[in-house]
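Enquirer: Sequence and predicted structure are below.
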Amino acid sequence: MTMMFEVGPGRGVTDPQCPASGMVYLEPMVYLEPSILGLPPFTSAGSTGLDSLSSRFLQELGQSFLQDSITFVRSSVKEVITSMDSNLTCSLLKLLDCFFKPFVPQEGTRPPPKKKLSRLSELIEPWFVFSLVWSVGATGDAASWLKFSVWLRDKMAEEKIKLCFPKEGLVYDYRLDDAGISNLSEEEEEDRDGKVQWVSWMESARQVVITPDTSYSDIIVPTPDTIRMSFLMDMLLSNKKPVLCIGPTGTGKTLTISDKLLKNMPAEYITHFLMFSAAHQ
């Protein structure tokens, strides 16, 4: 981690403190404002490890959607916490990296089956759209989600995206069913020639069994919010990506996070909680 401090005027600092406040260690680096860099350096770095065809396809999608979507967010979306263009872009690329990781050649691992590689092109567009929804489109409030959903549907139609969302609901109401293409643990002969499609989050809801011994605090009734939050957390954490969950008080963030980390992560993950409150300021 690199911490950068902007040196300010020394007014109000007592003499004994002045030497300490003037001690600054500088690493050999050049710092440029994100607004000067623009988005191309981020998108170019994010396409490493992909074959040239997939990389070019992603670059074209980025040129068509990324800047326009961020411009829409800046003009029409009320964000819960103000974001930066570079952060939104990096969040998009992290989600895309999670999707592509199984298909990127890794030393010591078996290459993906040719049958599944041949269908990879079916997933690039919907992967990008899903990642766009849950990065650039995820920072607004409820009213802003409605605006972004309408804008994205119109933009997808304008760009002639092949796999559009169902007409009902918002774009946030759906996840991608990739027909098992990205599940490389299955044997090639067991592959199912299913259809890639958008499906409701509730289709993946697990059945809740409540017994007389079940603690009230352990009961989580699946909703679209809890299901998609758990899905995104699993996707990011399993690929060693950092996660920051924000939202209004009382929406189930702590309960959903605790349930995911304590009960629904692989055994190699160790959970440690640090609790903070309004007193920790």
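Expert: Nice, I can see it.
Enquirer: Tell me which residue lies nearest the centroid of this structure.
Expert: The centroid of the chain falls nearest to Leu95 when counting by Cα atoms, centre = their mean (4.4 Å).
Enquirer: burial count for Leu61?
Expert: 21 (other Cβ atoms under 10 Å). Just so you know, the C-beta spots here come from the backbone N, C-alpha and C atoms, and that holds for glycine as well.
Enquirer: Same question for Asp85.
Expert: Neighbours of Asp85 (other Cβ under 10 Å): 20.
Enquirer: quick thing: my sequence starts at 29, can you match it?
Expert: From this message on, residue numbering opens at 29, which makes the last subject Asp113.
Enquirer: Would you mind measuring from Trp226 to Glu107?
Expert: As for Trp226, its distance to Glu107 is 25 Å (criterion: Cβ to Cβ, to the nearest Å).
Enquirer: my bad, Ser159
Expert: Relative to Glu107, Ser159 is positioned 18 Å away (Cβ to Cβ).
Enquirer: Between Trp226 and Glu107, which is the more surrounded one?
Expert: The neighbour comparison of Trp226 against Glu107 (other Cβ under 10 Å) goes to Trp226, with 17 against 14.
Enquirer: Would you agree that one falls within a helix?
Expert: No. Under DSSP: H, G, I helix; E, B strand; the rest coil, Trp226 falls outside any helix and is assigned strand.
Enquirer: quick one, what contacts the closest residue to it other than its chain neighbours?
Expert: Nearest non-adjacent residue to Trp226, counting by Cβ to Cβ, 6 or more residues apart in numbering: Tyr202, 4.1 Å away. Residues counted as contacts of Tyr202 (Cβ atoms under 8 Å, 6 or more residues apart in numbering) are Phe193, Pro194, Trp226, Val227, Ser228, Trp229.
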